[in-house]
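[1] could you work out the structure for the sequence below:
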Amino acid sequence: MNTKEKPKSKISASRKLSLKILLLTKACEDLEQEKQERDDEKVQYLGEKLPPLQMSGLSHDDLMNLCKELHGKIDTVDEERYDCEHKVTKHNKDIHELKLKIQDLGGKFKKPALRKVRVSADEMMRALLGSKHKGSMDLRSNLKSVKKEDVKQDKDLTGEVGDWRKNVEALSGMEGRKKMFDA
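    Residues are numbered from 1 along each chain as shown. Next up, the predicted model:
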């Protein structure tokens, strides 16, 4: 026989049902009363903030001023509404972030210790790009090689240049180009 049996309720099923019905009817009445109170508060607030408009007997200029005044009030209300919406979205975002932090703290997840792994550039590119990776990442082979003869020639050319005006006059026209190709 099971040692932990559920103790029998001292209240009969019909009594439980009648109590549930009473609780539900009371809750419905309370909800209706709260809704009525909110509607009354809304009407009262609007009555304070928006007095009834009296447009009869106003001239065209007075109506224009009234419209401008109403537009100003609408703008201020829209600004307040926007500010409130922005605050609410910011608070909701903060609440969501805090809930995530609580979940992270409450969880039993432990971050594993990361190991240092030596990976060459080629292996890393193959891992990232997969089959798209072509060629090797030997960076030294991609460097431009400079021959020592070219460096000496550049120094000779820069050594010859003294006054640039003489150089331009000597090389101007077809004769100058011919000299460049001959040299």
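[2] which sections of this protein are below the confidence cut-off?
    1-4, 108-110, 131-183 (pLDDT under 70).
[3] what number of residues lie near Leu58?
    As a burial measure, Leu58 scores 13 neighbours (other C-beta atoms under 10 Å). All C-beta atoms are positioned from the backbone trio N, CA, C, and that covers glycine.
[4] what's the answer for Asp122, then?
    Residues lying near Asp122 (other C-beta under 10 Å) number 13.
[5] any buried residues in stretch 96-105, and which?
    Buried residues in stretch 96-105, counted by 16 or more other C-beta atoms under 10 Å: none are found.
[6] and the contacts of it?
    Taking contacts as C-beta atoms under 8 Å, 6 or more residues apart in numbering, no residue outside stretch 96-105 touches it.
[7] CA atoms only for it - export them in PDB, please.
    Only the C-alpha atoms of stretch 96-105 are listed here, as PDB (Å, rounded to 0.1, in the frame of the first residue of the first chain):
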ATOM      1  CA  HIS A  96      14.200  41.700 -20.800                       C
ATOM      2  CA  GLU A  97      18.000  42.100 -20.400                       C
ATOM      3  CA  LEU A  98      17.700  41.700 -16.600                       C
ATOM      4  CA  LYS A  99      15.600  38.600 -17.100                       C
ATOM      5  CA  LEU A 100      18.300  37.100 -19.300                       C
ATOM      6  CA  LYS A 101      20.900  37.900 -16.700                       C
ATOM      7  CA  ILE A 102      18.800  36.200 -14.000                       C
ATOM      8  CA  GLN A 103      18.500  33.200 -16.200                       C
ATOM      9  CA  ASP A 104      22.200  33.100 -16.900                       C
ATOM     10  CA  LEU A 105      23.000  33.500 -13.200                       C
END
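[8] got the phi/psi numbers for Thr89?
    Taking degrees, to the nearest 10, you get phi -70, psi -40 for the backbone angles of Thr89.
[9] just Arg118 next, same as before
    phi -90, psi 120.
[10] which stretches of this protein form helices?
    13-49, 60-106, 121-129, 148-160, 164-171, 173-182 (DSSP state H).
[11] winner for burial among those?
    Comparing those by mean neighbour count (mean count of other C-beta atoms under 10 Å), helix 121-129 ranks first with a mean of 12.
[12] export the helices of the chain to TSV and append columns for distance to Pro7.
    Output for those, formatted as TSV (distance: least, C-beta to C-beta, whole Å):
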stretch	distance to Pro7
helix 13-49	15
helix 60-106	34
helix 121-129	64
helix 148-160	101
helix 164-171	111
helix 173-182	113
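[13] which among these is found nearest to Lys6?
    Nearest of these to Lys6, taken as C-beta to C-beta: helix 13-49 at 14.7 Å.
[14] now that closest one against helix 60-106, angle please.
    Per axes from the mean of the first three to the mean of the last three C-alpha atoms, to 10 degrees, the angle that helix 13-49 makes with helix 60-106 is 140 degrees.
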